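[1] Build me a structure from this.
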Amino acid sequence: MGHDHGHDHTHGANKKALLISFIIITGYMIIEAFGGFITNSLALLSDAGHMLSDSISLGVALLAFTLGGKVANYNKTYGYKRFEILAAVLNGVTLVFIAIYIFYEAIQRFQNPPEVASTGMLIISSIGLLVNIFVAWFMMRSGDVEENLNMRGAYLHVISDMLGSVGAIIAALLIMFFGWGWADPLASVIVAALVLRSGYYVMKSGLHVLMEGTPQNVDMNEVIQTLQHAKGIQSVHDLHVWSITSGLNALSCHAVVNDQMSIADSERLLRQIEHELEHKNIHHMTIQLETSAHRHDNSILCTVKAEASGHHHHEHHH
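    Below you'll find the predicted structure:
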């Protein structure tokens, strides 16, 4: 139980960090978009677009935490934990579209750079940078940006958002001192490239989970070693390892044990494996034990199973 408790604690902290970050970022994004219109700066607009992507990813992560907390039922046996992965994929797609729009707009502007109110642009982008630095620091201090895919995604967005603000600041300075009008669309193209990149990665990692790919933080060789070296296990087949959602990995397999193994022994064996795999980032496992006779004569297995089923029914759930 200790493990679950730890999970819940960071869960609450994550949620709070996300909520506050979401409010700050969304608020500033509106100001920046407005500023982009007034000053006629594409760099500001694209930075606002980037902030929108932040605010979407924060909002999605918030929603995911809220829904992910909803309990599993017979209709959805994993609860709503998958939602955050779907949301991440959608978020990725949105980002790609934002980036394409900015690229398109920038091409128009390179051909004939419009007038930009560079002083206003400088002020707004500088405040934007400060907002981003604060939010990133805040998320790092109070959230779990290493493990949770959503938190990590949101955090990385905020970090790359800083670069967007820096780009807009530099562009504003270039326009003020040298009158280089093209600095504005150039900065926006750099931001769009960042947006595109983060969209692509969010989409990719989300799809990997949806395709039941092996989780990034699990070493399959180590898992197989652990299973095969467990005392009493002869061989393992039908091994599957996948992610239910970020930070929640599952494993299922069939393990062949020797015919003499008692139920108490098999219980002990399962507990031991469970303990060892916990350290290898497997949080949920289902192992079906069977005897070597299983392949030739089913009747033996049936008696073993009938005996076993009363005691640890959940292991044979699969």
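[2] Every contact and neighbour count from this point should use C-alpha atoms.
    Fine.
[3] max-length helix in this protein?
    Longest helix of the chain, by residue count under DSSP state H: helix 2-39.
[4] list the helices and strands that one packs on?
    helix 42-68, helix 118-142 (3 or more C-alpha pairs under 8 Å, 6 or more residues apart in numbering; DSSP states H and E).
[5] Mind putting the ones you listed into CSV with mean neighbour count and distance to M162?
    Shown next, in CSV, are those (neighbours: other C-alpha atoms under 10 Å; distance: least, C-alpha to C-alpha, whole Å):
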stretch, mean neighbour count, distance to M162
helix 42-68, 25, 9
helix 118-142, 19, 6
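[6] out of those, nearest to E267?
    Closest approach to E267 among the helices and strands packed on helix 2-39 is made by helix 42-68 (31.0 Å; C-alpha to C-alpha).
[7] Would you convert the helices and strands packed on helix 2-39 into CSV that also reports mean pLDDT and distance to F97?
    As requested, the helices and strands packed on helix 2-39 are arranged in CSV below (pLDDT from 0 to 100; distance: least, C-alpha to C-alpha, whole Å):
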stretch, mean pLDDT, distance to F97
helix 42-68, 80, 10
helix 118-142, 90, 23
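[8] so can I have CSV of these showing distance to L156?
    Formatted as CSV, the helices and strands packed on helix 2-39 follow (distance: least, C-alpha to C-alpha, whole Å):
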stretch, distance to L156
helix 42-68, 9
helix 118-142, 9
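[9] wait, which of those is closest to E274?
    Among the helices and strands packed on helix 2-39, helix 42-68 comes nearest to E274, with 24.1 Å by C-alpha to C-alpha.
[10] what angle sits between that closest one and helix 2-39?
    Comparing the axes of helix 42-68 and helix 2-39 via axes from the mean of the first three to the mean of the last three C-alpha atoms, to 10 degrees yields an angle of 150 degrees.
[11] now helix 42-68 and helix 118-142, what's the angle there?
    30 degrees.
[12] Just give me how far helix 42-68 sits from the chain centre.
    Here the centre of helix 42-68 is set off from its chain's centre by 14 Å, with C-alpha atoms, centre = their mean, to the nearest Å.
[13] just checking, what packs against the helix or strand following it?
    Helices and strands here follow DSSP states H and E; after helix 42-68, the next one along the chain is helix 83-111. Packed against helix 83-111 by the contact rule (3+ C-alpha pairs under 8 Å, 6+ apart) you find helix 42-68, helix 183-210.
[14] can you rerun that using 10 Å?
    For helix 83-111, the elements it packs on are helix 42-68, helix 149-178, helix 183-210, strand 233-245, judged by 3 or more C-alpha pairs under 10 Å, 6 or more residues apart in numbering; DSSP states H and E.
[15] Show me which residues of it are buried.
    83-96, 98-100, 102-103, 105-106, 109 (16 or more other C-alpha atoms under 10 Å).
[16] Give me the mean pLDDT for it.
    When pLDDT is averaged over helix 83-111, the result is 84.
[17] One more: stretch 203-214?
    Rounded mean pLDDT across stretch 203-214 is 84.
[18] now swap in stretch 241-252 and tell me
    Rounded mean pLDDT across stretch 241-252 is 83.
[19] any idea how far it is from the chain center?
    Distance, centroid of stretch 241-252 to centroid of chain: 13 Å (C-alpha atoms, centre = their mean).
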